[in-house]
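Peer 1: model this:
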Amino acid sequence: MRPVLTVLVSLLLSFVSTWALAAEGVVQTVGHGQINWSTSEITATGSGAPSLKAPNVAVARLGAERAAKMDAFRNILEAVKGARVSGSTSVENLMSESPEMRSKVQGVVRNFKVVDTKYYSDGGVDVIVSVPLTGVLFDSIVKTTGSKKAVGEPTAVTGVVIQAKGLKVQPALAPIIQDADGNDIFSAAFVDPEVARKQGVVGYATSLDAALKDARVTGKPMVLKAEKLAEPGSSNLVLSATDATKLKNLGALLRAAKVVIVID
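Peer 2: Residues are numbered from 1 along each chain as shown. Purely as a prediction, here's the structure:
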């Protein structure tokens with residue numbers, strides 16, 4: 001049985017790590033994993049107990065490490081499934097509709113990166129693993145990038161910050177921004193596919209100050225305000241007619257995904 005002091009220290013370190021991560025950006029807990037929407041990374045922890053039948057501690061530890069990685073895979077896949085794609089649609093919803101997507105997502109997640117391993121005196125092992133939301137995983141989930149042409153005149157504006165505090169926005173891989181008539185004025189479809197693959201469609205921040213300093217928009221960003229959600233519990237936003245017109249005219253910035261959304 002793992003020493004009580006060791007367990008307490010492990011829990012404390014986990015709490016401190018979680019707090020520090022949350023302080024850095026928009027972090028969502030899903031099951032036994034976490035989605036950091038500000039860094040576009042998903043992490044999860046897996047635990048493995050030693051076999052009492054193992055001939056020695058070294059063999060028991062190897063078995064425990066394999067078990068921990070299997071547990072981590074289940075936990076990080078659970079977190080990936082819980083990620084929003086757009087509106088109220090989750091990755092799990094899309095995976096259930098497409099066996100091909102399910103296979104691709106599972107394959108990408110199975111190649112997770114081990115970022116930390118903790119060994120305990122009883123032979124038990126904990127592993128912390130991560131998977132980026134960008135790259136192959138993004139391509140496996142979001143299929144609409146670059147399908148629409150963004151238009152607009154050259155501008156000195158360096159990006160767009162959309163203030164959505166108080167609306168209870170759910171962060172998502174590919175949120176849609178609409179005008180008051182329900183027309184899409186920004187979505188994954190307006191973003192260059194290679195840009196979306198590298199950095200995602202939007203960034204997220206928990207304060208206006210943090211958003212203005214985000215490398216995605218830093219310089220001279222334009223600040224717009226979301227009026228409401230497209231539907232309750234959604235990741236999609238609606239702008240006023242005035243702000244919608246301003247956003248439409250920033251085509252080059254939209255194609256470069258220079259958009260940060262400030263949420264609660």
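Peer 1: and the closest residue to residue 119 other than its chain neighbours, what are its bridge partners?
Peer 2: Nearest in space to residue 119, with sequence neighbours left out and distances taken as C-beta to C-beta, 6 or more residues apart in numbering, is residue 125 at 5.8 Å. Yep, even glycine has a C-beta here, placed from its N, CA and C like the rest. On the basis of DSSP bridges, residue 125 is bridged to residue 48, residue 119.
Peer 1: tell me who's in contact with residue 125.
Peer 2: Counting by C-beta atoms under 8 Å, 6 or more residues apart in numbering, residue 125 touches 47, 48, 61, 64, 65, 67, 68, 117, 118, 119.
Peer 1: how many neighbouring residues does residue 215 have?
Peer 2: Applying other C-beta atoms under 10 Å, we find 11 residues neighbouring residue 215.
Peer 1: check which helix or strand covers it.
Peer 2: Secondary structure assignment for residue 215, by DSSP states H and E: no helix or strand.
Peer 1: number of nearby residues for the residue lying closest to residue 171 once chain neighbours are set aside?
Peer 2: Among residues not flanking residue 171 along the chain, residue 37 sits closest, at 4.3 Å (C-beta to C-beta, 6+ apart). Per other C-beta under 10 Å, the neighbour tally for residue 37 reads 25.
Peer 1: how close does residue 37 get to residue 83?
Peer 2: 9 Å (C-beta to C-beta, to the nearest Å).
Peer 1: overlap of the contact sets of the two?
Peer 2: Listed as contacting both residue 37 and residue 83 by C-beta under 8 Å, 6+ apart are residue 133.
Peer 1: could the contacts of residue 125 go into CSV alongside neighbour count and distance to residue 151?
Peer 2: Shown next, in CSV, are these (neighbours: other C-beta atoms under 10 Å; distance: C-beta to C-beta, whole Å):
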residue, neighbour count, distance to residue 151
47, 18, 52
48, 23, 54
61, 20, 60
64, 25, 57
65, 21, 54
67, 19, 54
68, 24, 51
117, 13, 50
118, 16, 52
119, 13, 57
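Peer 1: just for the stretch 51-200 of the chain, where's the confidence low?
Peer 2: For the stretch 51-200 of the chain, residues meeting the criterion pLDDT under 70 lie at 57.
Peer 1: now do the helices in it.
Peer 2: 57-82, 91-97, 99-110, 136-141, 193-199 (DSSP state H, counting those that start in this stretch).
Peer 1: dump these to TSV, plus distance to residue 216.
Peer 2: Below are the helices of the stretch 51-200 of the chain laid out as TSV (distance: least, C-beta to C-beta, whole Å):
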stretch	distance to residue 216
helix 57-82	23
helix 91-97	23
helix 99-110	24
helix 136-141	15
helix 193-199	7
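Peer 1: out of the ones you listed, which comes closest to residue 171?
Peer 2: helix 57-82 (11.4 Å; C-beta to C-beta).
Peer 1: so what does the closest one touch, helix or strand wise?
Peer 2: Using 3 or more C-beta pairs under 8 Å, 6 or more residues apart in numbering; DSSP states H and E, the elements in contact with helix 57-82 are strand 27-30, strand 33-36, strand 41-48, helix 91-97, helix 99-110, strand 113-119, strand 125-132.
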